[in-house]
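[1] I'd like to go over a predicted model; first the sequence, then the structure.
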Amino acid sequence: MEKKDETKIDAVQNQTEALPESNLIFITKRKLEGENSGVDELNIDNRVSGVYCNGVQYYDLNNIRFINNTGIANLISLMRSLLKKGVVVKFVNANNIIRDKIKSFGLEKFINLG
Amino acid sequence: MRRKSFYFDKFENRVPYKAIPENKYRTFLFQFTGTLTIALGIAYLNWRWRYSFNYEAMWFSVLLVTAETLSFISTVMVIINFWSNKDVPQTPPVQYLSEIEDLQGRPDRSIKIDVFIATYNEDVELVRLSIIDAKRMKYPHDNVVIKIYVLDDGRRDGRNPAKENMKVVAEEEGVGYLLREHNEGYKAGNLKNALEQTDGDIFVILDADTRPFPDFLIHTIGYFRNRKMAWVQTPQWFYDTTEPEKLSDIISTKFRIKKEGVKKGVEKIFGKIIVNEDIYGNDPRLFYDVILRKRNYHNAAFCCGAGSVHRREAIMSLAVKDFSEEIRKLEEELTILNRSSNEIEEKTKKLIIDQEIIPFKFHASEDIYTSIMLHADKENRWESLQHPEVECKMLSTQDLDSWIKQHQRYAEGSLDIALKDNPIFKRGLTIRQKICYFSTIWSYFAPFWILIFLISPIIFFFTLTLPVKAYSFDFFKYFLPFQIMNTFAMLLGCWGISTKRGDQYYISGFWYMLMSLFTVVSGKKVKFNVTSKDLNFSNNLPHIVPHLVLIGLTLLGIGYNIVLIYMGVHPTPSGFAANAFWCIFNIISLSIMIRAAYWRPRSVLEPGKIQTS
């Protein structure tokens, strides 16, 4: 499944517009690293790549090397915002640092890491 | 532009106290006398419970000895709290992130510091003073970004012309302005909103009236080199506490004495008597310089909000952990109830949507509650520190009504924690941390024993029944050594700082504490009352009716007993003497609140909010 997700992500990099416009929510790379201010969210280069497919919003964490507690909180906020809109969220290509961090909070069951 | 003037302008040049230096001999002497106090206290109570009852008035005997026992528990916890001290040496201010946390592969960068000034409805010009002082804070490293934000919970962004415009003041001063559209979670909610929009690695919490000194950051940020340091609290120093007044001046003003000769006479008789210094007992030196500072030894110094410095990662770890705990709890409950996996998934999803990520607990006592949770974090083992020196100045409550509302909030908040999430049963806290936190909470149960101490002499005066077999040699043999040693231990434990006002308010605060207990036990919602710092003298009579009744009954009882002694029909004159002596202490303690209720600064002729120029 993970392999399949990655293929999808690779195929449609940065195609967040696939998500219905009213549901469009961006997350920046730096926000996941805990930087909440001074990040230009409109600049597409700053955003985490994502794709929307069959009611699931995928985010590619391939370029995210590190996540801190503020980043986890931002990730949860993103997940909550999308869940409110009825969109399921999956994060793919998360490295071990991110996986371990999520695990340390016991959130691995609730944050879908693909 | 000439700035608005305030009642506290005349106190601007006051200089804060210097922290008392540590002294190992004094600590040893305290430990010796403290141990003796506990031993003598146990001996006294053993004798009281086993040999001292007046069997003809068992209810009275048991009532009083129960009160004494509860009070003794408090004493033991205070001795444990005071046991030793552990000041942490200051280190130079931090420059790079790698100095305070593991980079885990990230490139290093200079740290970022945010300064939050939380406000709700305070005079915007008062907040401006805090902003100006915050801007004056120095830091030796130019590449460290320090951002100041006004966190306005009053929505004073100009939309309501009836309100002052906080946003304009923030803009004029060139600092950030953050507001939210609701007041959920009170101050904790306000901080949550700020944390969501900022990213300082370290952040400082200031109240609207908290004015940091230039070296605030220089003296505190270095502590975060210890990667376990979650927060540092600095002492809250109130620079506007009431000045001492000569009794002769008060008499001359009160009775409008104008004749010089009479004035001189009054001066000669009462001139040396000084009264009304810190009439509201606001000086928190004992609390910060001794009680909280000594909790460093137990890693149990808690956060008090204003004047504290926090590691963002610590507070965010708590927020995420709480979020995760709530979801896990729900899932476990549903699993135990044998619910279908679909239902569990649906309900969990709903909770994820509803459950906010809350850094500081949404609670009337958000600071102490959050401290408990951080100290209880077994994985991270966060540490805290009470910094000894004063690094900022603040305003105190200026009338009894505000004072009572403020202290009622502290009491209700602490009691609410005791009932809902008692630190004694909190997993993750060490035994010493449990004792320290419980000691704070226990102090709010004091009205149970204080009320008994206050009414016992009255019961005696009108029933002529003693709560002990007799005030015999045996009684004093056990009682006096315990009391004397206790007084000596507390003198050493408090490092010579006067406890007079604190003791008086501890006794005379029994009524508001009792009311707080009723509020919490009856399940009423504990409110977050914003403390007024204005000169605003309202009718304080309702606050002191119980005090007046108790003093009245005491005096009436004393009068009645004197008549009986005069007539030669008093059954126990020695009992009267002991109780009358006890009553002097009670009356002095109770009267402070009555005096505070009617106290007015002599400079204020017209009660008003703020004097403007």
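    Here it is on my side, so go on. Just so we're clear, the structure is a prediction, and the values are computed from it rather than from any experiment.

[2] just the element for residue 73, please.
    This is for chain A. Element membership for A:Ala73 (DSSP states H and E) is helix A:69-84.

[3] meant chain B actually
    helix B:58-81.

[4] only C-alpha atoms, please: export that helix in CSV.
    Extracted C-alpha coordinates of helix B:58-81, given in CSV (Å, rounded to 0.1, in the frame of the first residue of the first chain):
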residue,chain,number,x,y,z
MET,B,58,-16.1,14.9,74.3
TRP,B,59,-17.5,16.6,71.2
PHE,B,60,-15.6,19.7,72.1
SER,B,61,-12.4,17.8,73.0
VAL,B,62,-12.4,15.8,69.8
LEU,B,63,-13.3,18.9,67.7
LEU,B,64,-10.3,20.8,68.9
VAL,B,65,-7.8,18.0,68.8
THR,B,66,-8.9,17.2,65.3
ALA,B,67,-8.2,20.8,64.3
GLU,B,68,-4.8,20.6,66.0
THR,B,69,-4.0,17.4,64.1
LEU,B,70,-4.9,18.8,60.8
SER,B,71,-2.9,21.9,61.4
PHE,B,72,0.1,19.7,62.5
ILE,B,73,-0.1,17.9,59.1
SER,B,74,0.3,21.3,57.5
THR,B,75,3.3,22.0,59.7
VAL,B,76,5.0,18.8,58.8
MET,B,77,4.5,19.5,55.1
VAL,B,78,5.9,23.0,55.5
ILE,B,79,9.0,21.5,57.2
ILE,B,80,9.5,19.1,54.3
ASN,B,81,9.1,21.9,51.8
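
[5] and it, which residues are buried?
    Residues B:60-61, B:63-65, B:67-68, B:70-72, B:75-81 are the ones in helix B:58-81 that count as buried (16 or more other C-beta atoms under 10 Å in any protein chain shown). C-betas here are computed from N, CA, C, even on glycine.

[6] so what's the residue count around the nearest residue to B:Arg295 once chain neighbours are set aside?
    Residue nearest to B:Arg295 in three dimensions, not counting chain neighbours: B:Ala301, with 4.2 Å by C-beta to C-beta, 6 or more residues apart in numbering or on different chains. Residues near B:Ala301, counting by other C-beta atoms under 10 Å in any protein chain shown, number 26.

[7] list the contacts of whatever residue of the stretch 51-200 of chain B ends up closest to chain A.
    Residue of the stretch 51-200 of chain B nearest chain A, by C-beta to the nearest C-beta: B:Asp199 (4.0 Å). Taking C-beta atoms under 8 Å, 6 or more residues apart in numbering or on different chains as the contact definition, B:Asp199 lies against A:Gly34, A:Glu35, A:Asn36, A:Ser37, A:Gly38, A:Thr70, B:Lys112, B:Asp114, B:Arg312.

[8] name the element the third one belongs to?
    Per DSSP H and E, A:Asn36 falls between elements, in no helix or strand.

[9] distance of it from B:Ala230?
    20 Å (C-beta to C-beta, to the nearest Å).

[10] for the first one, same thing?
    Computed with C-beta to C-beta, the distance linking A:Gly34 and B:Ala230 is 16 Å.

[11] list the contacts for the residue nearest the centre of chain B?
    By C-alpha atoms, centre = their mean, the mean C-alpha position of chain B lies nearest to B:Tyr410, the distance being 6.6 Å. B:Tyr410 is in contact with B:Ser365, B:Tyr444, counting by C-beta under 8 Å, 6+ apart.

[12] follow-up on the earlier one: tell me the SS of the residue of the stretch 51-200 of chain B closest to chain A?
    Here B:Asp199 is coil, with the state taken from DSSP: H, G, I helix; E, B strand; the rest coil.

[13] what stretches of chain A score poorly on pLDDT?
    A:1-26, A:38-45 (pLDDT under 70).

[14] close to chain B: what parts of it are there?
    Residues of chain A lying close to chain B (C-beta under 8 Å from any C-beta of the partner chain) are A:33-38, A:65-66, A:68-70, A:72-73, A:76-77, A:79-80, A:83-84, A:97, A:104-107, A:109-110.

[15] low-scoring pLDDT stretches of chain B, where are they?
    Applying pLDDT under 70 to chain B picks out residues B:1-2, B:528-537, B:601-613.

[16] what's the domain layout of it?
    For chain B, automatic domain parsing gives the domain ranges B:20-81+B:440-598, B:97-239+B:289-396, B:245-275.

[17] and of the ones you listed, who's closest to A:Leu61?
    Among these, the nearest to A:Leu61 by C-beta to C-beta is domain B:97-239+B:289-396 (14.3 Å).

[18] what segments of the chain are strands?
    Because you didn't say which chain, this covers chain A. A:50-53, A:56-60, A:88-92 (DSSP state E).

[19] looking at chain B here, not the other one
    B:112-119, B:145-152, B:176-179, B:202-207, B:211-212, B:229-233, B:237-238, B:245-246, B:274-275, B:308-311, B:383-386, B:392-394.

[20] adding mean neighbour count, write those strands out as JSON lines.
    Formatted as JSON lines, those follow (neighbours: other C-beta atoms under 10 Å in any protein chain shown):
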{"stretch": "strand B:112-119", "mean neighbour count": "25"}
{"stretch": "strand B:145-152", "mean neighbour count": "22"}
{"stretch": "strand B:176-179", "mean neighbour count": "18"}
{"stretch": "strand B:202-207", "mean neighbour count": "26"}
{"stretch": "strand B:211-212", "mean neighbour count": "24"}
{"stretch": "strand B:229-233", "mean neighbour count": "26"}
{"stretch": "strand B:237-238", "mean neighbour count": "24"}
{"stretch": "strand B:245-246", "mean neighbour count": "18"}
{"stretch": "strand B:274-275", "mean neighbour count": "13"}
{"stretch": "strand B:308-311", "mean neighbour count": "26"}
{"stretch": "strand B:383-386", "mean neighbour count": "25"}
{"stretch": "strand B:392-394", "mean neighbour count": "24"}
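
[21] and those strands as CSV, adding distance to chain A?
    Converted to CSV, the strands of chain B look like this (distance: least, C-beta to the nearest C-beta, whole Å):
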stretch, distance to chain A
strand B:112-119, 9
strand B:145-152, 8
strand B:176-179, 9
strand B:202-207, 11
strand B:211-212, 22
strand B:229-233, 12
strand B:237-238, 32
strand B:245-246, 50
strand B:274-275, 52
strand B:308-311, 10
strand B:383-386, 17
strand B:392-394, 25
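
[22] closest one to B:Ile20 among these?
    strand B:383-386 (12.9 Å).

[23] tell me how far that closest one lies from the chain's centre.
    Offset of strand B:383-386 from its chain centre (C-alpha atoms, centre = their mean, to the nearest Å): 17 Å.

[24] for stretch B:60-77, same thing?
    On C-alpha atoms, centre = their mean, the centre of stretch B:60-77 falls 23 Å from that of its chain.
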